[in-house]
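Visitor: Predicted model and sequence follow; I will ask about them next.
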Amino acid sequence: MSPVPSAFTLEWLLDPVKPIDFYEQYYESKPLLVSRGELEYYAKLPRLEAVDELLTATVSNRRQPTQGERLTRSEPDGTMSDQQIRTTGNAGLDVQAAYRAYHDGFTVVINQTHRRSAAVGRLCRGLQAALHHPIGANIYLTPAGAQGFLPHVDTHDVFILQLHGTKEWHVSSPPVELPLAHNRNHKQTLPDAQIFTLMPGDMLYLPRGFRHKAVTGDSSSLHLTVGIHAFRWHDLFKDALEQLADEDAIFRSALPPQYVDEPLDMAHVTEMVRRMTAALTDESFMEKAKERIASKLIAADESTGLSQFRSLDALADLSDESIVSRSPEHLCLVRIAPDRATIEFVGNFVTGPPVLGKALEFIAQRHRFAVGELPGNLSTEDRIDLVKRLVSEGLLEVLL
């Protein structure tokens, strides 16, 4: 049996498939089933008993109901019933209504589980650090002999982790290769479907666009769907054009009056294309555009997962010999300008004078170090002050 992970990594999720083989043979191209036959492989993730607590003791997103809890059921006539779980008079969730609906064949959906379960949050942060794309997760509890959703496609890749019971997945080739959100069509058929049966400990990877449905048999099923909300090449070029507009007023100018009724000035368009081509083929310009994407990724990670209050208590005794750490589950980005050095992380950032640049780059490349190891000809007081600030802002924690 595989050991309980000290960190939820891509290697752990794919085992025994190697990440390099996953990237070369499956990523964005075809499904991958990992059959383990290990009931306890996902022992640190929510079990069936945890669903009640996730519904009653964690906070859902009431302002965006689709991001909270739902009840879904595919009907015999080919339609789907979809409803929110009712709330009680004190704004709590009516768990009894959820129990009744589940008994009547509805799938219980708990969206945004990475914000409601510490373990699922760790898993998503670990995968985000490996893949450099935003990661989110939802839980689905389906009663025996039921189907929660009609055949459909997702416009993001998913890892499906079977936590309890069994579920049968019917998967067909995509009608549109690597679809965008506007290509999504909820009414799908499943010609020549492959069938994948998932048991506890198994994992199924589905690239976006593959048509699928999932049904239970004699047992209920609990699975966690981990979604990869990938940044695509068109996102990079969109950010590059935003950056170009920041730098060149010609791209910020308005379309001419009555442009709908008049032909475009193609000489003007040609000049804009020339400037755009020059920018998009400039390595330093595109690196800046890539950094804009990276900033969005880092800013989206709102949870630290650290033991921060304990670390804050330890700051009074911080010295050059103190050992601090940065979680491998978190990305950080260092920017050095003539007048300042900045490190971005976990929806936050710290800025200081340029002399801190080498120390910040050191921190971004290491997960554990002594305060006295920080480079850059800093004094002991400067090193301690920098670490104290990064602990108080949520990037580092004090170990010893």
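Guide: Sure thing, it's come through. Residues are numbered from 1 along each chain as shown.
Visitor: Report the residue spans of the stretch 101-250 of the chain with pLDDT below the cut-off.
Guide: 185-186 (pLDDT under 70).
Visitor: my bad, should have said the stretch 251-400 of the chain
Guide: For the stretch 251-400 of the chain, the stretches with pLDDT under 70 are 300-307.
Visitor: Just give me how far stretch 139-146 sits from the chain centre.
Guide: Mean-position distance between stretch 139-146 and its chain equals 24 Å (Cα atoms, centre = their mean, to the nearest Å).
Visitor: Buried residues, it. List them.
Guide: By neighbour count with 16 or more other Cβ atoms under 10 Å, stretch 139-146 contains the buried residues 139, 140, 141, 142, 143, 146. In this view, the C-beta of every residue, glycine as well, is placed from N, C-alpha and C.
Visitor: any chance of these in JSON lines, plus distance to residue 34 and secondary structure?
Guide: Listed next are those as JSON lines, based on distance: Cβ to Cβ, whole Å; DSSP: H, G, I helix; E, B strand; the rest coil:
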{"residue": "139", "distance to residue 34": "19", "secondary structure": "strand"}
{"residue": "140", "distance to residue 34": "19", "secondary structure": "strand"}
{"residue": "141", "distance to residue 34": "22", "secondary structure": "strand"}
{"residue": "142", "distance to residue 34": "21", "secondary structure": "strand"}
{"residue": "143", "distance to residue 34": "26", "secondary structure": "coil"}
{"residue": "146", "distance to residue 34": "25", "secondary structure": "coil"}
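Visitor: which among the residues you listed gets closest to residue 118?
Guide: Residue 118 has its nearest neighbour among those in residue 139, at 14.0 Å by Cβ to Cβ.
Visitor: Look up the closest residue to the closest one, ignoring the ones flanking it.
Guide: residue 110 (4.4 Å; Cβ to Cβ, 6 or more residues apart in numbering).
Visitor: and the buried residues of stretch 139-146 as a markdown table, adding distance to residue 272?
Guide: Below are the buried residues of stretch 139-146 laid out as a markdown table (distance: Cβ to Cβ, whole Å):
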| residue | distance to residue 272 |
| --- | --- |
| 139 | 48 |
| 140 | 48 |
| 141 | 53 |
| 142 | 53 |
| 143 | 58 |
| 146 | 55 |
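Visitor: Just name the closest of these to residue 45, please.
Guide: Closest to residue 45, out of all of the buried residues of stretch 139-146 and judged by Cβ to Cβ, is residue 139, at 9.3 Å.
Visitor: I'd guessed the closest one sits against residue 164; true?
Guide: No: taking contacts as Cβ atoms under 8 Å, residue 139 lies outside contact range of residue 164: 10.5 Å.
Visitor: Spit out the residues that contact the two alike.
Guide: Here residue 139 and residue 164 share the contacting residues residue 222, scored by Cβ atoms under 8 Å, 6 or more residues apart in numbering.
Visitor: hang on, residue 179 is in a strand, isn't it?
Guide: No: using DSSP: H, G, I helix; E, B strand; the rest coil, the assignment for residue 179 is coil, not a strand.
Visitor: ok, the residue most central in space within the chain to residue 329 distance?
Guide: Nearest to the mean C-alpha position of the chain, by Cα atoms, centre = their mean, lies residue 135 at 1.0 Å. Distance, residue 135 to residue 329, by Cβ to Cβ, to the nearest Å: 11 Å.
Visitor: Distance check, the residue lying farthest from the centre of the chain against residue 253.
Guide: When distances to the mean C-alpha position of the chain are computed (Cα atoms, centre = their mean), the maximum falls on residue 262, with 44.8 Å. As defined by Cβ to Cβ, residue 262 lies at a distance of 16 Å from residue 253.
Visitor: Same question for residue 217, what's its three-state structure.
Guide: When the rule is three-state DSSP, residue 217 gets the label coil.
Visitor: what sits against it?
Guide: 144, 145, 166, 168.
Visitor: And residue 248, by the same measure?
Guide: Taking Cβ under 8 Å, 6+ apart as the criterion, residue 248 is in contact with residue 275.
Visitor: Distance check, it against residue 273.
Guide: In terms of Cβ to Cβ, residue 248 sits 13 Å off from residue 273.
Visitor: what's the answer for residue 318, then?
Guide: 55 Å.
Visitor: out of these two, which sits in the more crowded spot?
Guide: residue 318 (18 against 11; other Cβ atoms under 10 Å).
Visitor: Leaving out the residues flanking it, which one is nearest to that one?
Guide: residue 384 (5.3 Å).
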